[in-house]
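A.B. asks: Pasting the sequence and the predicted coordinates here, then a few questions.
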Amino acid sequence: MANKYYETLIMLTPVVSAKDLEKSLAAIKTVYAKYNAEAIKLDKWGDRKLAYKIRTHKRATYLFGYLSAPPESIDKIKKDCRLIPNIIRMILLSVEADALNKAVPSANADTAVTA
């Protein structure tokens, strides 16, 4: 089956150093690669205050991006990402290729820009 496109929002425990953020990004990309998913774009939105506590955390570092993955691997990706210690919450939503092209002009069905 052909890959579909997904929008993702990942909330990490507040990251204190660039090294910690790089470790978290590497772990996420490893999970993506394990299930033949490709990160099209993954950006740090920054550290923000949460509306309510999540696991005793009052703040979180937000990552937002897009990925291409086989539909049957999405549940496995979610499960494995939840096992990464720094991830507080994660959401993956399916998006159409047209919406992706509007959000990320350099990405299309044939070429993808790696984060």
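C.D. replies: Yep, that arrived. Numbers count the residues shown, from 1 in each chain.

A.B. asks: Residue for residue, what is the longest strand this protein has?
C.D. replies: Ranked by residue count and defined by DSSP state E, the top strand of the chain is strand 38-54.

A.B. asks: other SSEs contacting the helix or strand that comes right after it?
C.D. replies: Using DSSP states H and E, the helix or strand that directly follows strand 38-54 along the chain is strand 57-69. When contacts are defined as 3 or more Cβ pairs under 8 Å, 6 or more residues apart in numbering; DSSP states H and E, strand 57-69 sits against strand 4-12, helix 18-34, strand 38-54, strand 87-95. All C-beta atoms are positioned from the backbone trio N, CA, C, and that covers glycine.

A.B. asks: ok, 7 Å please
C.D. replies: If you count contacts as 3 or more Cβ pairs under 7 Å, 6 or more residues apart in numbering; DSSP states H and E, strand 57-69 packs onto strand 4-12, strand 38-54.

A.B. asks: What strands flank the first one, and is each parallel or antiparallel?
C.D. replies: In other words, strand 4-12. strand 57-69 (antiparallel), strand 87-95 (antiparallel) (DSSP bridges).

A.B. asks: can you redo these as CSV with mean neighbour count?
C.D. replies: Formatted as CSV, the strands paired with strand 4-12 follow (neighbours: other Cβ atoms under 10 Å):
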stretch, mean neighbour count
strand 57-69, 19
strand 87-95, 15
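
A.B. asks: Could you export these as a markdown table, including mean pLDDT and distance to Asn3?
C.D. replies: Shown next, in a markdown table, are the strands paired with strand 4-12 (pLDDT from 0 to 100; distance: least, Cβ to Cβ, whole Å):
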| stretch | mean pLDDT | distance to Asn3 |
| --- | --- | --- |
| strand 57-69 | 93 | 5 |
| strand 87-95 | 93 | 11 |
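
A.B. asks: can you list those strands in CSV and add distance to Lys102?
C.D. replies: Below are the strands paired with strand 4-12 laid out as CSV (distance: least, Cβ to Cβ, whole Å):
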stretch, distance to Lys102
strand 57-69, 11
strand 87-95, 10
